[in-house]
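>>> can't give you the sequence, but here's the structure:
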């Protein structure tokens with residue numbers, strides 16, 4: 001079925017963090033929509049979405065957390081990026097309704113092409129009052145770093161109850177000095193696990209890194225931890241853990257779960273069955289963005305192992321142009337073929353990109369938007385230099401930490417861009 005024209009006047013954006021304000025900027029640039037409203041559950045005094053922090057950590061987990069419809073934990077602790085995001089969003093700030101939590105979103109008036117209007121209910125986080133609106137299209141930009149994922153492990157709930165505060169998630173991490181003199185187990189060797197392990201290893205008395213697959217030796221040495229197997233069972237009586245290889249580690253002061261987050265859309269619980277299954281991915285999307293069943297609903301910012309801000313810009317440019325009828329979606333059959341191919345290949349982890357795929361994705365969306373009938377705000381396009389920066393990111397980060405986090409440029413760390421280096425010149429070509 002070929003893509004049909006949209007009739008969109010009023011647009012809601014759920015979330016006023018980086019993806020939300022970027023969406024507003026690109027939608028405004030199309031000059032095709034009568035009304036754009038952002039719903040942000042934090043108050044006006046706490047801008048920038050997940051990047052706005054306070055020194056107080058959110059509550060520690062009381063056991064496993066695997067429910068993708070759990071309400072988010074609000075963030076906490078000052079960041080430079082918070083100020084950058086606040087400045088970037090200054091010109092769309094007047095569109096934001098602060099202290100509004102979206103509690104229900106459901107399609108209404110659906111035509112035979114899946115074009116739907118959307119009934120949205122928001123609750124004031126200050127008074128509890130509810131307000132209801134109808135929109136022609138909705139951008140779901142509430143992020144995916146608010147609801148921690150903590151796997152089901154036998155004995156975990158009893159361990160957390162017997163030893164309050166001994167089981168944490170990376171969401172609760174604030175400062176390495178809190179682990180001074182402790183025996184610590186960090187669960188997971190992804191970016192958070194390696195970062196947190198590296199930060200606390202000088203303060204901890206003993207540090208273990210519990211992993212499913214081996215950590216590269218260079219990274220493990222940098223972290224300064226002893227690598228151990230996965231945890232099979234928590235032992236509340238001895239404040240310990242039993243590993244899958246049978247080893248027991250007792251007298252553990254703190255276990256830090258660096259096990260990632262869950263995509264959580266509690267306001268969509270009853271609206272679109274099958275959209276979320278285990279909480280690790282959003283299904284039925286074209287280009288990780290457009291809901292195929294209801295193309296007046298989009299989900300920017302889902303990609304992991306990606307540079308988020310330019311991805312958000314590329315995605316916003318795409319759906320803004322499509323909704324303004326300046327750009328057409330491919331036939332629905334083609335969209336479903338791509339989506340089902342990802343499901344078959346990757347299961348629930350459909351948004352975890354291989355290395356450099358985010359750079360290619362940004363350029364593909366840029367070039368697609370470049371064919372639009374009318375021009376709005378142009379998204380970024382990466383050239384050889386940006387590809388090079390992305391390619392050396394992990395190596396440069398390691399060098400930066402080894403240097404004591406003092407360097408102000410890649411050149412200070414010994415990295416120098418070579419325009420003629422193999423791979424960089426051609427990677428940026430359309």
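Received it, and whenever you're ready, just let me know what you need. Quick caveat: nothing in here was measured; it's all calculated off a predicted structure.
>>> Buried by neighbour count: which residues of stretch 253-272 qualify?
Buried residues in stretch 253-272, counted by 16 or more other Cβ atoms under 10 Å: 253-268, 271-272. Just so you know, the C-beta spots here come from the backbone N, C-alpha and C atoms, and that holds for glycine as well.
>>> can you give me the offset of that stretch from its chain's centre?
11 Å (Cα atoms, centre = their mean, to the nearest Å).
>>> avg pLDDT for it?
Across stretch 253-272, pLDDT averages out at 89.
>>> what about residue 404, helix or strand, and which?
Assigned by DSSP states H and E, residue 404 belongs to no helix or strand.
>>> actually residue 394, not the one I wrote
helix 393-402.
>>> And the residue nearest the centre of the chain, what's its pLDDT?
A centroid search over the chain (Cα atoms, centre = their mean) returns residue 144, at 4.0 Å, as the residue closest to the centre. Looking at residue 144, its pLDDT is 81.
>>> Please give me every residue in contact with the closest residue to it other than its chain neighbours.
Spatially, and ignoring its direct neighbours in sequence, residue 144 is nearest to residue 263 (4.9 Å; Cβ to Cβ, 6 or more residues apart in numbering). Counting by Cβ atoms under 8 Å, 6 or more residues apart in numbering, residue 263 touches 68, 144, 147, 276, 279-282, 302.
>>> Return the member of those residues nearest to residue 343.
Taking Cβ to Cβ as the measure, residue 343 sits nearest to residue 281 out of those, at 8.4 Å.
>>> pLDDT wise, what is the residue lying closest to that closest one once chain neighbours are set aside at?
Leaving aside its chain neighbours, residue 281 sits nearest to residue 350 (4.1 Å; criterion: Cβ to Cβ, 6+ apart). Note on residue 350: pLDDT of 89.
>>> ok, which stretches of the stretch 101-250 of the chain are strands?
117-124, 130-135, 137-140, 147-148, 167-169, 183-187, 206-210, 226-228, 231-235, 240-243, 248-249 (DSSP state E, counting those that start in this stretch).
>>> And the pLDDT for the closest residue to residue 169 other than its chain neighbours?
The shortest distance from residue 169 to any non-neighbouring residue, by Cβ to Cβ, 6+ apart, is to residue 148 (4.0 Å). Per-residue pLDDT puts residue 148 at 89.
>>> okay, now residue 148: neighbour count?
24 (other Cβ atoms under 10 Å).
>>> Tell me how far it lies from residue 188.
12 Å (Cβ to Cβ, to the nearest Å).
>>> joint contacts of these two?
Joint contacts of residue 148 and residue 188 (Cβ under 8 Å, 6+ apart) are 257, 259-260.
>>> can I get the residues you listed in JSON lines with secondary structure?
Formatted as JSON lines, the shared contacts of residue 148 and residue 188 follow (DSSP: H, G, I helix; E, B strand; the rest coil):
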{"residue": "257", "secondary structure": "strand"}
{"residue": "259", "secondary structure": "coil"}
{"residue": "260", "secondary structure": "coil"}
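>>> Would you reformat those as TSV and include distance to residue 20?
Shown next, in TSV, are these (distance: Cβ to Cβ, whole Å):
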residue	distance to residue 20
257	28
259	26
260	22
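>>> Can you report how many residues neighbour the residue lying closest to residue 286 once chain neighbours are set aside?
Once flanking residues are discounted, residue 286 sits nearest to residue 335: 3.9 Å by Cβ to Cβ, 6+ apart. Residue 335: 22 surrounding residues under other Cβ under 10 Å.
>>> wait, doesn't the residue nearest to residue 169 sit right on residue 167?
No. At 11.1 Å, residue 148 does not count as touching residue 167 under the criterion of Cβ atoms under 8 Å.
>>> got a list of what residue 299 touches?
140, 282, 285, 288-289, 291.
>>> Give me the buried subset of those.
Using 16+ other Cβ under 10 Å, the buried ones in these are 140, 282, 285, 288-289, 291.
>>> returning to that earlier point: now for the helix or strand the residue nearest to residue 286 falls within, which elements pack on it?
Using DSSP H and E, residue 335 sits within helix 332-346. With contacts defined as 3 or more Cβ pairs under 8 Å, 6 or more residues apart in numbering; DSSP states H and E, helix 332-346 has these neighbours: strand 285-286.
>>> pLDDT (mean, whole number) over the next helix or strand along the chain from the strand it packs on?
Per DSSP H and E, the first helix or strand lying C-terminal to strand 285-286 is strand 290-291. Averaging pLDDT along strand 290-291 gives 96.
>>> so what secondary structure elements neighbour strand 290-291?
Counting by 3+ Cβ pairs under 8 Å, 6+ apart, strand 290-291 packs on strand 297-298.
>>> Run a quick check on residue 39 versus residue 11, I expect a contact.
No. In this structure, residue 39 is not within contact of residue 11 by Cβ under 8 Å, at 11.5 Å.
>>> Grab the nearest non-local neighbour of residue 218.
Among residues not flanking residue 218 along the chain, residue 398 sits closest, at 7.5 Å (Cβ to Cβ, 6+ apart).
>>> Please list all residues in contact with the one you found.
Residues near residue 398 by Cβ under 8 Å, 6+ apart: 218-219, 222.
>>> and it, how far is that from residue 216?
10 Å.
>>> likewise residue 404?
Distance check for residue 404 against residue 216: by Cβ to Cβ, it reads 22 Å.
>>> which of the two has more neighbours?
residue 216 (11 against 7).
>>> could you check the distance from the more buried one over to residue 188?
Applying Cβ to Cβ to residue 216 and residue 188 gives a distance of 15 Å.
>>> swap in residue 146?
According to Cβ to Cβ, residue 146 stands 18 Å off from residue 188.
>>> Which parts of this structure are helices?
For the chain, the helices defined by DSSP state H occupy 18-30, 80-88, 156-162, 191-200, 217-223, 308-323, 332-346, 357-369, 384-391, 393-402, 424-427.
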